[in-house]
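> sequence and predicted structure are below.
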Amino acid sequence: MDYSTDVNVNKNAESDAGASDLTVLHESAKLIGQSATPEIAISGTLRLMSQMLGLNRGRVLLPSAINDNLQIRYSYGLRDEERRLGIYKIGEGITGSVMKSGQPAVIQNIDEEQNYLFRAVDRETLPDDVVAFIAVPIMDGNSTIGVLAAHRLRMRPRAIDSDLMILRILSTFIAQIISINNLIKERTSYLQEENRELKDALQNKSGENNHGILGESQAVRDALRQISRVADTVVTVLLTGESGTGKERFSQVLHLNSSRRDQPFVAINCAAIPEQLLESELFGHERGAFTGASASKKGKIELASGGTLFLDEIGDLNMELQSKLLRILENQVIQRVGGVKDIPVDVRIITATHKNLQEAVNKGTFRLDLFYRLNVFPIHLPPLRERAGDVRILASHFLLSANTEYSRYTVFDKGVMERLETYNWPGNIRQLENVIKRSVLISLEGIITVTDIEMILRQESAINEHLEAGQSSDAFSLPAFSAGQSEGLSPVQSRAHTSLPPVPQPQSTAYSSTQNRPYSWVRKDEAEAIEEALKHTGGNKTRAAAILGMTPRQFRYRIEKLGLPMNLSRE
Ligand SMILES: Nc1ncnc2c1ncn2[C@@H]1O[C@H](COP(=O)(O)OP(=O)(O)OP(=O)(O)O)[C@@H](O)[C@H]1O
């Protein structure tokens with residue numbers, strides 16, 4: 001017998017098959033590169049399979065989003081009705097088994113295979129000849145994410161193994177299209193959600209009488225409602241709440257919603273000014289009232305005339321000043337330090353405290369009559385951790401403003417919002433604002449990751465722990481500066497290391513309004529944070545200082561104090 005013809009026929013068939021395979025692969029790769037949607041790329045590939053290789057009724061089955069059942073998502077040569085019927089539980093029939101096992105299946109003759117279900121396509125629709133079925137898993141790494149399958153006539157010159165091989169290659173193309181598409185979908189829906197939140201934040205910001213107060217929690221709504229009730233009256237309002245909950249901000253809203261809005265709004269933090277200076281700051285002084293008083297000067301109360309005076313940390317006022325404040329409230333007159341004449345004043349006074357004034361009254365450190373005068377209309381601002389939903393709104397807003405301030409376009413990575421929502425924010429809104437600003441500064445490639453946030457929150461917790469413990473100086477703590485003012489510290493911060501009594505720090509997280517970290521002792525364990533920050537910025541000290549919320553000068557001082565090598569940085 002002469003086998004040469006057969007050999008030649010087989011060779012020809014093989015080389016034809018090789019050429020078709022390459023054409024299909026080449027065209028499919030082009031489709032993937034050019035198609036904007038997976039529909040075009042995958043359906044195009046299934047069409048090529050049918051037209052070039054005789055792999056008919058090709059289909060791609062993916063798990064349904066609702067119940068995990070496999071359903072035909074893309075196909076070629078199937079009618080709508082057939083597509084609709086092609087649903088398989090995981091493990092069911094050939095298709096379901098391929099999905100379950102992650103192994104390909106080659107059914108040489110579907111009529112002889114019990115497990116072949118004829119679910120999508122009736123036997124009568126198929127050719128009378130022997131029909132084979134090949135199904136391969138679509139893999140994303142080690143997981144099976146779908147199934148690619150097709151029919152072919154059993155008797156063809158092309159080997160069924162060649163079909164299996166090409167289907168396996170095409171399934172990797174399809175896997176890529178699907179996973180890229182999933183990624184795009186995920187990212188798009190995330191950006192859409194973020195866009196919606198930013199719009200909400202903007203809308204909220206432009207809210208008519210809210211003057212930039214953000215938040216949808218009941219607490220914020222209640223506070224705004226109360227404010228609108230008393231804004232245009234002469235009632236004395238006492239704002240209570242932890243540090244950073246927005247007491248000053250709400251006092252401004254009160255002023256802006258009153259008929260005094262075109263007159264001055266003057267704010268003073270009673271705890272931030274040394275006692276011996278506070279009186280003249282508030283009441284002004286006459287020339288020669290004390291050494292250095294070379295000219296007479298108006299105090300804050302006079303400067304606020306016609307408008308509103310906001311007295312923050314009213315609980316820190318000493319008894320003498322409490323009496324003088326009572327006098328203003330009762331008679332609307334003041335006397336400057338060193339003066340004898342009464343000066344009439346027309347100010348609306350709003351006070352705020354993070355302390356429990358009632359307790360101070362009980363202890364005898366706050367006048368009961370003044371307490372009654374101030375507490376006519378108390379408005380409590382709850383801590384951020386009790387304002388459900390507000391963290392999200394505020395974080396989006398602070399992200400937007402930090403991006404604007406630093407000319408960036410930074411977004412939150414997946415999971416960041418959730419992390420921010422679960423943190424308990426002892427420093428409230430001010431702390432959240434700081435954390436977002438810092439995260440924008442340290443973020444790489446415009447994405448703030450959960451790791452960035454974790455790093456900042458770790459540093460925040462270290463500061464909190466230290467401040468909680470830090471009221472009593474420990475063995476290794478050294479005052480960072482002999483004069484706080486020289487570091488641009490506010491008096492309340494510098495007071496901590498003069499002979500004056502320590503000023504209580506609200507909730508242990510008193511951030512200065514400059515957004516820099518308040519003065520704190522240099523701690524040995526800060527070295528780690530400093531090194532970590534420098535590592536993160538590639539040695540840039542200015543950026544590392546910003547991450548830790550310090551001025552570059554505070555940062556350099558710490559490096560020196562802790563004896564860290566200066567060449568830690570490449571600046
Ligand atoms: N509801 C809010 N919407 C937007 N920003 C807010 C809101 N509440 C507070 N802020 C911002 O948070 C920061 C802290 O607010 P604010 O200074 O009013 O707090 P505070 O309670 O007076 O703090 P402290 O008691 O420490 O003085 C400010 O930057 C303020 O603008």
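Nice, I can see it.

> what parts of the stretch 251-400 of the chain come near the ligand?
Within the stretch 251-400 of the chain, the positions lying close to the ligand (Cβ under 6 Å from any ligand atom) are Asp312, His354, Leu394. The C-beta positions use only the backbone N, C-alpha and C, and glycine is treated the same way.

> which of these fall in helices?
Among these, the ones falling in helices (DSSP state H) are Leu394.

> need the residues of the stretch 251-400 of the chain next to the ligand in TSV with neighbour count and pLDDT, can you?
TSV is the format used below for these (neighbours: other Cβ atoms under 10 Å; pLDDT from 0 to 100):
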residue	neighbour count	pLDDT
Asp312	22	94
His354	23	90
Leu394	24	95
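
> excluding chain neighbours, what is closest to Gly415?
Nearest non-adjacent residue to Gly415, counting by Cβ to Cβ, 6 or more residues apart in numbering: Val450, 4.7 Å away.

> next one: the one you found, what pLDDT does it get?
Looking at Val450, its pLDDT reads 94.

> contacts only, for it.
Asp413, Gly415, Val416, Arg419 (Cβ atoms under 8 Å, 6 or more residues apart in numbering).

> ok, the last one touching Ile456?
I take that to be Arg419. No. If you go by Cβ atoms under 8 Å, Arg419 and Ile456 don't touch, sitting 10.6 Å apart.

> pull up the gap between whatever residue of the chain ends up closest to the ligand and Leu170, please.
At 2.7 Å from the ligand, Gly246 is the closest residue in the chain, using Cβ to the nearest ligand atom. Distance from Gly246 to Leu170, counting by Cβ to Cβ, to the nearest Å: 59 Å.

> more neighbours: the two, which one.
Neighbours around Gly246 and Leu170, counted as other Cβ atoms under 10 Å, are more numerous at Leu170. The numbers are 27 against 23.

> in this structure that one contacts Thr45, no?
Yes. Here Leu170 reaches Thr45: they are 5.9 Å apart, a contact under Cβ under 8 Å.

> which neighbours do the two share?
What both Leu170 and Thr45 touch, as defined by Cβ under 8 Å, 6+ apart, is the set Val24, Ser28.

> okay, domains of the chain per the record?
For the chain, the structural domains run 13-186, 218-382, 386-568, going by automatic domain parsing.

> lowest confidence element among the helices and strands of the protein?
Lowest mean confidence among the helices and strands of the chain (mean pLDDT, DSSP states H and E): helix 491-494, at a mean of 28.

> what comes up buried for stretch 404-423?
For stretch 404-423, burial by neighbour count (16 or more other Cβ atoms under 10 Å) applies to Thr410, Val411, Phe412, Asp413, Val416, Met417, Leu420, Tyr423.

> phi, psi for the third one please.
Here the main-chain torsion angles of Phe412 (degrees, to the nearest 10) amount to phi -80, psi 140.

> now for Val253: which residues touch it?
Val253 neighbours (Cβ under 8 Å, 6+ apart): Asn209, Asn210, His211, Ile213, Leu224, Ile227, Ala231.

> so what's the spatially closest residue to the last one that is not a sequence neighbour up against?
This points to Ala231. Closest residue to Ala231 apart from its sequence neighbours, by Cβ to Cβ, 6+ apart: Asn257 at 3.6 Å. By Cβ under 8 Å, 6+ apart, the residues touching Asn257 are Asn209, His211, Ile227, Ser228, Ala231, Asp232.

> give me the buried subset of these.
Buried, going by 16+ other Cβ under 10 Å: His211, Ile227, Ala231, out of these.

> wait, Glu454 touches Arg419, no?
Yes. The pair formed by Glu454 and Arg419 meets the contact definition of Cβ under 8 Å, at 7.3 Å.
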